[in-house]
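Colleague: Coordinates for the following, if possible.
(one chain, ligands or ions: 2)
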Amino acid sequence: MEIISGKSVFAGIAIGRVMVWEKENQSIKRTHTEDTQAELERVKRASEKAVGQLEKLYEKAVKEFGESGAAIFDVHQMMIQDGDYQESIRHIITTQNTNAEFAVATTGDNFASMFSGMKDEYMKARAEDVKDISTRIINILAGKEERTLGGEEPVIILAEDLAPSETVQMDTGKVLAFVTRLGSTNSHTAILARTMNIPALICVEFSNDFDGKLAIVDGVSGALIINPDEATLREYSKRIHNDQEKAAMLQELRGKETITRDGKRIKLYANIGNASDVAFVHRNDGEGIGLFRSEFIYLGRDTYPTEEEQFQVYKTVAQNMAGKKVIIRTLDIGADKQVDYFNLAKEENPALGYRAIRICLDRVELFKTQLRAILRASAFGNISIMYPMIISVGEIKKVKEIFGEVRDGLKQEKYPYGEVEQGIMIETPAAVMVSDDLAKEVDFFSIGTNDLTQYTLAIDRQNSKLDSFYDAHHPAILRMIQMVIDHGHKENCWVGICGELAADTALTKTFIEMGIDELSVSPSFVLPIRKLVREL
Ligand code: PEP
Ligand code: MG
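Modeller: Numbers count the residues shown, from 1 in each chain. Ligands and ions are numbered 1, 2, ... in the order given. Next up, the predicted model:
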């Protein structure tokens, strides 16, 4: 038995035989030609045929994965027809008197290295796409038929990398998983794999000798297990069985509304800590992101993340959510989340100390950097901002003033930005008690029941000795939630819950009766809660 670890881009478990997919070796010969007009004509015809193939792939993918899953084939068509791309091919043929194949391959390589040198992760990922379209045109020039993946028996595909056009041609019934040496979390291959609902690993250093061997892909821990022993096989078979039973029942709820029998609808969003968690949101059909804990960007590093670094993360999330709501909570550092480079003084009571919005209002430049990054990313999706640990109207007024300055600055610098809703977390008794006034200032409230319970019951949420006293169903908490909902609604301010209590199925009915508008939970809870709501 051999275990190789990699990075999971989509969870799940698969057991089956390995098929090592090797790309055909395309060695392109450069030949001299006097008849450049004929080569230009060949490129024109091959490009048209390639666009035709992609149109068909687009139609097939739309049926299977919907428009967002198929969009890449639209993008590929545009890339082929792109003026710069075609002009580069034409220029090489006419100035160097070369054959069409050489001109297309050289253009593909040049464009790919230009894309991979870019800082923007999204643009970087386009390097693979331009190689993919060039290969398609070259294959047509060479008279080769399109290749498809997946044989008679279902297999685990191991490949150096997989172009989106290859993955979509997989017969999903015959492909159990895919594992690649290269690839990025943001590549379309990864995005498509998530849409296709098959486990996928990247960055796996496998050997081509694995071809035909029995393997397990563990997309939960990110491992490829070759020649598993009996006990491991038994364990994983059991896990697959359990997963299948649960998933089959829940999958029927994908795309369905989260609505009670008597027509009460709520928004069912998911909580994430980083950009790669978006995969879980999609897998579980989250209707949006109700809490992006942005402080995770600041943790586990030695320096402050720059505006550009943050912008890339927020933009990736916004783009991957494709127009669905993404609520980014500003920095909530301090208390249990300590970061050395912040140089925070030691405190007697850190949970009651210098944390979250208090740091942001004190270190305004740090706050402005984050707000600029979020606002810039708002041009790429449906982003909202949420401020943590607000206790007074004065604080939110100050926050909005800073937000206004940042937005004016971006406007002057001609950065685009979108319409951004602003909301606050309600996680202190003070915020609950003045929620009638706070509601006049913001678009939404999201109740952070983890901290609200800690501060209301005076119980340290970190102290496991107090677990038996930490009663999140305490009437004080439930009455507070009701109060916040009522105050919010009076001022047209929608109200959600993003603390762990939101996923407590014993309270789902109660929350709906209270008039809650949104629940934001860990992605894996989305479908179980939708099921429950629809049965109410
Ligand atoms: C909360 O306090 O309920 C909350 C959602 O925020 P965090 O758990 O990150 O403090
Ligand atoms: Mg909190």
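
Colleague: show me the contacts for the nearest residue to residue 497 once chain neighbours are set aside.
Modeller: Of all residues not flanking residue 497 in the chain, residue 447 sits nearest, at 4.6 Å (C-beta to C-beta, 6 or more residues apart in numbering). In short, each C-beta sits where N, CA and C put it, glycine included. Residues in contact with residue 447 (C-beta atoms under 8 Å, 6 or more residues apart in numbering) are 425-427, 481, 484, 495-499.

Colleague: what's the neighbour count on residue 405?
Modeller: Here the number of neighbours of residue 405 (other C-beta atoms under 10 Å) works out to 13.

Colleague: measure it to residue 376 for me?
Modeller: 15 Å (C-beta to C-beta, to the nearest Å).

Colleague: returning to that earlier point: with the contacts of residue 447 in mind, which one is nearest to ligand 1?
Modeller: Checking those against ligand 1 with C-beta to the nearest ligand atom, the nearest one is residue 499 at 2.9 Å.

Colleague: Read off the pLDDT value for the closest one.
Modeller: pLDDT for residue 499: 91.

Colleague: quick one on the thing from earlier: now the contacts of residue 447 in a markdown table, please, with extra columns for secondary structure.
Modeller: Shown next, in a markdown table, are the contacts of residue 447 (DSSP: H, G, I helix; E, B strand; the rest coil):
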| residue | secondary structure |
| --- | --- |
| 425 | strand |
| 426 | strand |
| 427 | coil |
| 481 | helix |
| 484 | helix |
| 495 | strand |
| 496 | strand |
| 497 | strand |
| 498 | coil |
| 499 | coil |
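
Colleague: which one of those has the most neighbours?
Modeller: Most surrounded of the contacts of residue 447: other C-beta under 10 Å gives residue 426, at 34 neighbours.

Colleague: Quick check, it in contact with residue 435.
Modeller: Yes: the pair residue 426 / residue 435 is scored as a contact, 6.2 Å apart, by C-beta atoms under 8 Å.

Colleague: Next, show the common contact partners of the two.
Modeller: Joint contacts of residue 426 and residue 435 (C-beta under 8 Å, 6+ apart) are 445, 484.

Colleague: Pull the number of nearby residues for residue 346.
Modeller: Quick note: residue 346 (other C-beta under 10 Å) scores 7 neighbours.

Colleague: That one should be in a helix, yeah?
Modeller: No: under three-state DSSP, residue 346 falls outside any helix and is assigned coil.

Colleague: ok, it to residue 354 distance?
Modeller: Residue 346 is 11 Å from residue 354, by C-beta to C-beta.

Colleague: Likewise for residue 397?
Modeller: For residue 397, the distance to residue 354 - C-beta to C-beta - is 21 Å.

Colleague: These two: which has the busier surroundings?
Modeller: Neighbour count, other C-beta under 10 Å: between residue 397 and residue 354, residue 354 has more, with 15 against 10.

Colleague: The more buried one contacts residue 334, doesn't it?
Modeller: Yes: the criterion here is C-beta under 8 Å, and residue 354 meets it with residue 334 at 5.7 Å.

Colleague: overlap in contacts of those two?
Modeller: In contact with both residue 354 and residue 334: residue 344, using C-beta under 8 Å, 6+ apart.

Colleague: Need the pLDDT of the one residue in the stretch 201-350 of the chain that gets nearest to ligand 2.
Modeller: Proximity to ligand 2, evaluated over the stretch 201-350 of the chain using C-beta to the ion, is greatest for residue 332 at 6.3 Å. We have a pLDDT of 92 for residue 332.

Colleague: was I right about it contacting residue 360?
Modeller: No: taking contacts as C-beta under 8 Å, residue 332 lies outside contact range of residue 360: 9.4 Å.

Colleague: What pairs with the strand of greatest length in the chain, parallel or antiparallel?
Modeller: Using DSSP state E to define each element, the chain has its longest strand at strand 13-21. In the sheet, strand 13-21 lines up against strand 155-159 (parallel), strand 214-218 (antiparallel) (DSSP bridges).

Colleague: With mean pLDDT and mean neighbour count as added columns, please give the ones you listed in CSV.
Modeller: CSV is the format used below for those (pLDDT from 0 to 100; neighbours: other C-beta atoms under 10 Å):
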stretch, mean pLDDT, mean neighbour count
strand 155-159, 91, 25
strand 214-218, 96, 24
